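1. quick one: sequence and predicted model below, then my questions.
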Amino acid sequence: MRRRINNLINLINEQAGIDIFRNTRRREYVEARALLIYILRHYFGMRLSEMQTLFKINGYPIHHATILHALKSFKDIYLPFNPPLQDLYDNAIKEINDKVEFKIRDLQSKIESVPEHKLDELKELIEGLV
C-alpha cells in the first residue's frame with residue numbers, strides 16, 4: 001500500500017506541477033493537499049494520525065485540525081469551483097481504481113452525495129443488479 005500512496009503523491013505532484021509538501025498556503029497547494037487527504041481517507045481508509053505521520057515524513061508537519069478542515073472542504077468547496085482540480089481528482093481515481101476495494105469505496109463516497117429522495121431509486125437499481 002505504501003507504494004500505491006507514493007505513486008498517488010507523485011501523480012498529484014506531476015499533474016499539478018507542484019510539490020504538495022512545500023510549506024506554503026497558496027491555493028493550488030492547499031487544494032492539492034486536500035485532494036491527497038480526501039483520497040487517503042476515503043479510498044485508503046487512513047486514520048488522521050497515519051496521515052499526520054505521512055506528511056511529517058515528507059517534511060510537512062500537519063495538525064489533525066488541518067486534516068479535518070481539508071476533508072470537510074474538499075468535496076463541497078474546492079472541487080466544485082476548480083475544474084483542473086476535478087480533472088486531477090478523476091485522474092487520481094482512475095489510477096487507484098483497479099482493485100475491488102477501491103471500487104467499493106468509490107461507490108460508497110458517491111452514494112453519500114446522493115440526495116435523500118433519490119436513495120430509494122438507487123436501492124431498487126442496485127437490487128436489480130445483484
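-> That came in fine, so what should we check first?
2. any stretches of the protein with poor pLDDT?
-> For the chain, the stretches with pLDDT under 70 are 98-100.
3. helices of that one, residue ranges please.
-> 2-16, 27-42, 48-57, 64-73, 83-96, 100-112, 119-129 (DSSP state H).
4. most packed of those helices?
-> Burial of the helices of the chain is given as mean neighbour count (mean count of other Cβ atoms under 10 Å); helix 27-42 ranks first at a mean of 21. Using the backbone N, CA and C atoms, a C-beta is placed for each residue, glycine as well.
5. convert that one to CSV, retaining C-alpha atoms only.
-> Only the C-alpha atoms of helix 27-42 are listed here, as CSV (Å, rounded to 0.1, in the frame of the first residue of the first chain):
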residue,chain,number,x,y,z
ARG,A,27,-4.5,27.9,-3.1
GLU,A,28,-3.2,25.3,-5.6
TYR,A,29,-1.1,23.7,-2.8
VAL,A,30,-3.9,23.7,-0.2
GLU,A,31,-6.3,22.2,-2.7
ALA,A,32,-3.9,19.6,-3.9
ARG,A,33,-3.1,18.6,-0.3
ALA,A,34,-6.8,18.4,0.4
LEU,A,35,-7.2,16.1,-2.6
LEU,A,36,-4.5,13.8,-1.2
ILE,A,37,-6.0,13.8,2.2
TYR,A,38,-9.5,13.1,0.8
ILE,A,39,-8.3,10.1,-1.2
LEU,A,40,-6.2,8.8,1.7
ARG,A,41,-9.2,8.9,4.0
HIS,A,42,-11.9,7.7,1.6
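6. now do it against helix 2-16, angle only.
-> 150 degrees (axes from the mean of the first three to the mean of the last three Cα atoms, to 10 degrees).
7. now do helix 27-42: distance to the chain's middle.
-> Centre-to-centre, helix 27-42 and its host chain are 6 Å apart (Cα atoms, centre = their mean, to the nearest Å).
8. how about stretch 44-51?
-> Averaging C-alpha positions (Cα atoms, centre = their mean) puts stretch 44-51 12 Å from its chain's average.
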